[in-house]
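Visitor: Could you work out the structure for the sequence below:
(one chain, ligands or ions: 2)
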Amino acid sequence: MSKSKQAILRFYNTASRSIEEFTLPKDVPAVRMYCCGPTVYHYAHIGNLRSYLFEDFLRRTLEYFDYEVNHVVNITDVGHLTSDQDEGEDKMEKGAERTGKTVWEVAEYYTQAFFKDIDLLNIVAPTLWCKATDHIPEQIDLVQKLEAKGYTYNTSDGVYFDSLKFDRYADFARLDVENLQKGARIDMGEKKFVTDFALWKFSPADSQRAMEWPSPWGKGFPGWHIECSAMAMHHLGPTLDIHCGGTDHIRIHHTNEIAQSECATGQTFARFWMHGEFLRMGESSKMSKSSGDFLTLKVLLDQGYHPMEYRLLALTSHYRNYLNFSFEALDSAKDGLRNLHRRTDPLIGKATAISSDSALKWQHDFKSAMSDDLNTAKALGILNSMLRSDLDDGEKSALVLDFDKVLGLQLDKTMPEKAKQSSLATEEIEALIAQRDQAKAERNFIESDRIRDELANQGIKLQDTPQGTIWESE
Ligand code: AMP
Ligand code: ZN
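Guide: Ligands and ions are numbered 1, 2, ... in the order given. As a prediction, this is how the structure comes out:
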């Protein structure tokens, strides 16, 4: 066993509401980690991306501590209704109405947009991405298992999980189910109890749904919760070591995942549950994908920010605390990244072994911060203090590379142009393109090339097409 593996990792486990030591059972070679992924009916917003960044800090920390990680993330491309409680419209169908595309095109388009964001943020891709629509048989199979064990009942619109049959249903989220039941009597439809939830929904008899599959119960589609249980258990087995998601999932989605998985297998579904707290705009307002009122990474990039600035902002707060987003906070992260690069750029290519007592002490402190339930803010402070210390450049350089395995700030590269320069607003870019078109029309190629170069320096790439000049930012 390597030295670093002996260091103790401690994480907050939502299931016990306490910090616990993380270890793997003896016969498990790699961490079985499942994270709830995006519902691909719209762009991911920067709140969603904060959750994936937290999961990336976790994944990288596990690897830094020499664990192998088998990391699975799902893509929800069917079954997530506008209310997490099986009511309302299908989010994918709403996405299709909004964009005039088919549901399949919507899923593909937003999946690719999501992958691009993940890549830009330097989030390590999971070992496996899995799509709900690729796992319909596994979901049907799981519902059948529950049915055979007597945990389900049918209504006119679907197969439901009978939550009163699972004694521990309320435990995970500390739910007061009696009060919930009192409050919900009127809008329960045919559900027997307020916390019952759909495992499989029937297609309406008089119309065809955009996405539907044959099943033992007729044509229909899976409930959102069953997707995650079926895919997680199919790829990682009945018990996971860590299951992650945002805090919004605790009350319904993860509570339901536990109920249906544990009733089907009789085993603990996840040993650790870790949840990322929300990113908020202002003091209280929630960023909501369904209302369309949200910020995307692309909006930040179009305003001249660099993805590493957003990554640094996420690192400055603890994943279990709210992060109040503001452009002032992002500007501070921009300054922070620039200051870091001023110190790390001159160290590039100078790394030696980490061997002196003081270098090993910095490394030890960094490890302690990350092992303490992912204290990223403290880890950043240690990086900054180490850079200001009198350690020699060779060891400093090596420690930057070592710490950046976890921080993922791309400190092995020089400061990105965007982090150096102020950005251009869209109107300014378009005005420059118009000036360039004018210069070209006047055959003033020196001027048109100058403008092209000026834009290139700002990370704006131009492409001349028969329809005119189109541009994209890096
Ligand atoms: P969704 O695509 O809505 O299913 O959400 C994807 C992930 O983002 C889930 O883990 C959610 O819990 C998480 N999430 C949703 N909204 C926020 C937010 N404002 N801040 C942080 N995480 C969020
Ligand atoms: Zn899930």
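Visitor: rest of the way, CA atoms for contacts and neighbours
Guide: OK.
Visitor: the domain parsing of the protein - what is it?
Guide: 27-281, 303-419, 422-473 (automatic domain parsing).
Visitor: Now tabulate those in JSON lines and tack on mean pLDDT.
Guide: Output for the domains of the chain, formatted as JSON lines (pLDDT from 0 to 100):
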{"stretch": "domain 27-281", "mean pLDDT": "93"}
{"stretch": "domain 303-419", "mean pLDDT": "96"}
{"stretch": "domain 422-473", "mean pLDDT": "80"}
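Visitor: Include mean neighbour count and distance to ligand 2 when you put these into TSV, please.
Guide: As requested, the domains of the chain are exported to TSV (neighbours: other Cα atoms under 10 Å; distance: least, Cα to the ion, whole Å):
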stretch	mean neighbour count	distance to ligand 2
domain 27-281	19	4
domain 303-419	18	19
domain 422-473	14	33
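Visitor: Save those as CSV, and put in distance to Asn13 too.
Guide: Shown next, in CSV, are these (distance: least, Cα to Cα, whole Å):
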stretch, distance to Asn13
domain 27-281, 5
domain 303-419, 10
domain 422-473, 41
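Visitor: Which of these sits closest to Met287?
Guide: For Met287, the closest of the domains of the chain is domain 27-281, at 6.2 Å, according to Cα to Cα.
Visitor: Could you confirm whether any residue of that closest one contacts ligand 1?
Guide: Yes: Domain 27-281 comes into contact with ligand 1 (Cα under 6 Å from any ligand atom), by way of 36-39, 47-48, 50-51, 245-249, 277-280.
Visitor: Just the terminal-to-terminal distance for that domain.
Guide: Domain 27-281 has its terminal residues 44 Å apart, counting by Cα to Cα, to the nearest Å.
Visitor: do stretch 234-253 as well
Guide: The first-to-last residue distance of stretch 234-253 comes to 18 Å (Cα to Cα).
Visitor: Check stretch 20-28 too.
Guide: With Cα to Cα applied, stretch 20-28 spans 19 Å between its terminal residues.
Visitor: among the domains of the chain, which is nearest Arg17?
Guide: Arg17 lies closest to domain 27-281 among those, at 9.4 Å (Cα to Cα).
Visitor: wait, what's in contact with the residue nearest in space to the middle of the chain?
Guide: The centroid of the chain falls nearest to Tyr52 when counting by Cα atoms, centre = their mean (2.3 Å). Contacts of Tyr52 were listed using Cα atoms under 8 Å, 6 or more residues apart in numbering, and they are Ile123.
Visitor: Contacts for stretch 429-437, please.
Guide: 447-449, 451-452, 455, 469.
Visitor: May I see those residues organised as CSV, with secondary structure added?
Guide: Formatted as CSV, these follow (DSSP: H, G, I helix; E, B strand; the rest coil):
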residue, secondary structure
Glu447, helix
Ser448, helix
Asp449, helix
Ile451, helix
Arg452, helix
Leu455, helix
Thr469, strand
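Visitor: Show the pLDDT at Lys3.
Guide: You'll see Lys3 listed with a pLDDT of 42.
Visitor: Please renumber the chain so that the first residue is 43 from this point on.
Guide: Happy to do that; since the first residue is 43 now, the last one works out to Lys45.
Visitor: ok, now which ones touch the residue lying closest to Val73 once chain neighbours are set aside?
Guide: Leaving aside its sequence neighbours, Val73 sits nearest to Val111 (Cα to Cα, 6 or more residues apart in numbering; 4.6 Å). Applying Cα under 8 Å, 6+ apart to Val111 gives the contacts 72-75, 101, 104-105, 169.
Visitor: residues in contact with the closest residue to Val185 other than its chain neighbours?
Guide: Distances taken as Cα to Cα, 6+ apart place Leu241 nearest to Val185, at 6.5 Å, with adjacent residues excluded. Contact partners of Leu241, counting by Cα under 8 Å, 6+ apart, are 185, 200-203, 264-268.
Visitor: switch the cut-off to 6 Å
Guide: Neighbour list for Leu241: 201-202, 265, 268 [criterion: Cα atoms under 6 Å, 6 or more residues apart in numbering].
Visitor: quick check, nearest of those residues to Leu51?
Guide: Of all the contacts of Leu241, Leu51 sits closest to Ile268, with 30.8 Å by Cα to Cα.
Visitor: what's the helix or strand for the closest one?
Guide: According to DSSP states H and E, Ile268 maps onto helix 266-278.
Visitor: Could you do Gln250 as well?
Guide: According to DSSP H and E, Gln250 maps onto no helix or strand at all.
Visitor: how close does it get to Lys261?
Guide: 9 Å.
Visitor: Got phi/psi on the residue of the stretch 143-292 of the chain found nearest ligand 1?
Guide: Using Cα to the nearest ligand atom, the single residue of the stretch 143-292 of the chain nearest to ligand 1 is Gly288, 3.0 Å away. Note on Gly288: its backbone torsions stand at phi -80, psi 160 [degrees, to the nearest 10].
Visitor: what pairs with it across the strands?
Guide: On the basis of DSSP bridges, Gly288 takes part in beta bridges with Gly318.
Visitor: was I right about it contacting Leu321?
Guide: No: using Cα atoms under 6 Å, Gly288 is not in contact with Leu321, being 9.9 Å away.
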